[in-house]
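Undergrad: after the sequence you'll find the predicted model.
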Amino acid sequence: TTADEVGKFAEKTGKVEIDEPGRKIIACNNISVFGFDEKQKIREHKSQYILIHPPNEAKQLVTSSGRKVKVTHSHSVFTAKDGQVVETKVSNLKKGDYIALPRRITVEENTTPINLIYSLIKNCDEKTLKQLYVRAESEKINEIFARIGKDQLKQHIIEKKFKNVWSDVVANWKHWKTIPLSLIKDTNPAIEDLLPELKIGIKGGKISYNAIISKDENLGIIIGSLLSEGCLETVKRNNKIEQRVSICNKKKEYLNNFTQAFAKTFEPSSKQLLAREDGTYNINVGYELLSIILCHGLGIKLVKSWDKEIPSILLDAPRPCISYFLKSFREGDGSRGSRYEIRYHTTSQNLV
């Protein structure tokens, strides 16, 4: 991630210890950074402080393998000198010098389920967020309203300039068993204990999806299948233009494995295989709401094949999730060579 993102996160979640011209020091222990340990192995370390200072002149380093990183002139890197690894500043490097890169980085598994409500609030623009709602049984809806409190409810509704009085607006939400995601964002109630009972819906839509997603083998199958064989289409539905998520493959077994995993994670799912003229089968998986959840909630961007990339949620996912991702992606966009090599095929350098 970029230093700018780290700084903004620290300012939002940490405690400012020093704030003076030219530097700000923030106590922030909920960020992990990679660095050497006492055995010169690279592993995660919890940060203690984040130092924010005015930006310095930056330089981009490009290695012979094509890796790139942009750092300041005073940034430290490691190079080779007389057979030894030594520290040097970026400003001292010249073309042809060696720099040390990690052969392996051990990432601690993060088994925490994905909170779609948090992810959507964080990543959606205002226009998209206005379409989304939290849905639940009346008891849970009333509990969330109670945690928000009368004053915050009234203030939010007045600021959003609803036509009706605030109490009528709340009564209408209770009747339809929905809460706008924008209200959750503005009032930030503590609802972690209620997440298993909550679903995400969209304005005018009947389908809703679970608010928390487990990082298990089913999610691995879903991501691998969608990245290899999934696509996003623009279609006309219910007299309006929408995004449709679909997946296509010539093997029925492959598509059936996908629909089974999808149903366990995002139920309900279309399981109807539609035969195409080219001998393949297609499944229409979902529409506007699903495309928003995949893109903004999970980071799965169904773009052109040459622009696809690995969603960040996979980088620290448990091993079964990653294993099934690799398996389903290879079954969609892979092969075995003459000597039984395992091959992956993609036109995306970012995905590689």
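TA: That came through, no problem.

Undergrad: looking at this structure, which residue reaches furthest from the middle?
TA: Asp82 (43.9 Å; CA atoms, centre = their mean).

Undergrad: for the longest strand along the chain, packing partners?
TA: Counting residues, the longest strand found in the chain (DSSP state E) is strand 240-249. Counting by 3 or more CB pairs under 8 Å, 6 or more residues apart in numbering; DSSP states H and E, the packing neighbours recorded for strand 240-249 are helix 217-229, strand 230-237, helix 252-266, strand 281-286, helix 288-292. (Each C-beta comes from the backbone N, C-alpha and C, glycine too.)

Undergrad: just checking: what are the partner strands of the helix or strand of the chain with the lowest mean pLDDT?
TA: One helix or strand of the chain scores below all others by mean pLDDT, DSSP states H and E: strand 334-336, with a mean of 79. Sheet pairing for strand 334-336, assigned by DSSP bridges, gives strand 342-344 (antiparallel).

Undergrad: contacts for the strand it pairs with?
TA: Here strand 342-344 makes contact (CB atoms under 8 Å, 6 or more residues apart in numbering) with 329-330, 333-337.

Undergrad: what segments of this structure are helices?
TA: Taking DSSP state H as the test, the helices found in the chain are 3-13, 116-123, 126-129, 138-148, 150-159, 166-176, 181-187, 217-229, 252-266, 288-292, 319-333.

Undergrad: other SSEs contacting the fifth one?
TA: If contacts are counted by 3+ CB pairs under 8 Å, 6+ apart, helix 150-159 sits against helix 166-176, helix 181-187.

Undergrad: got the buried residues for the first one?
TA: The one in question is helix 166-176. Residues of helix 166-176 classed as buried by neighbour count (16 or more other CB atoms under 10 Å): 166, 169-170, 173.

Undergrad: what of the shortest one?
TA: Buried positions in helix 181-187, judged by neighbour count with 16+ other CB under 10 Å: 181-185, 187.

Undergrad: just stretch 211-227 next, same as before
TA: By neighbour count with 16+ other CB under 10 Å, stretch 211-227 contains the buried residues 211-227.

Undergrad: cool, and stretch 62-80?
TA: 71, 77.

Undergrad: now swap in stretch 12-25 and tell me
TA: Buried-residue list, stretch 12-25, by 16+ other CB under 10 Å: 14, 24-25.

Undergrad: then that stretch to CSV, C-alphas only?
TA: Provided in CSV are the C-alpha atoms of stretch 12-25 (Å, rounded to 0.1, in the frame of the first residue of the first chain):
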residue,chain,number,x,y,z
LYS,A,12,-8.3,8.1,11.4
THR,A,13,-7.6,5.2,13.9
GLY,A,14,-4.6,6.2,15.9
LYS,A,15,-3.7,8.7,18.7
VAL,A,16,-1.7,11.8,17.8
GLU,A,17,1.3,12.0,20.2
ILE,A,18,3.2,15.0,18.6
ASP,A,19,1.8,17.5,16.1
GLU,A,20,4.2,20.3,15.2
PRO,A,21,5.3,22.0,11.9
GLY,A,22,7.1,19.5,9.7
ARG,A,23,6.1,16.3,11.6
LYS,A,24,3.3,14.4,13.2
ILE,A,25,3.8,11.3,15.3
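
Undergrad: for the helices of the chain, which one ends up most surrounded?
TA: Of the helices of the chain, the one with the most neighbours on average (mean count of other CB atoms under 10 Å) is helix 217-229, at a mean of 25.
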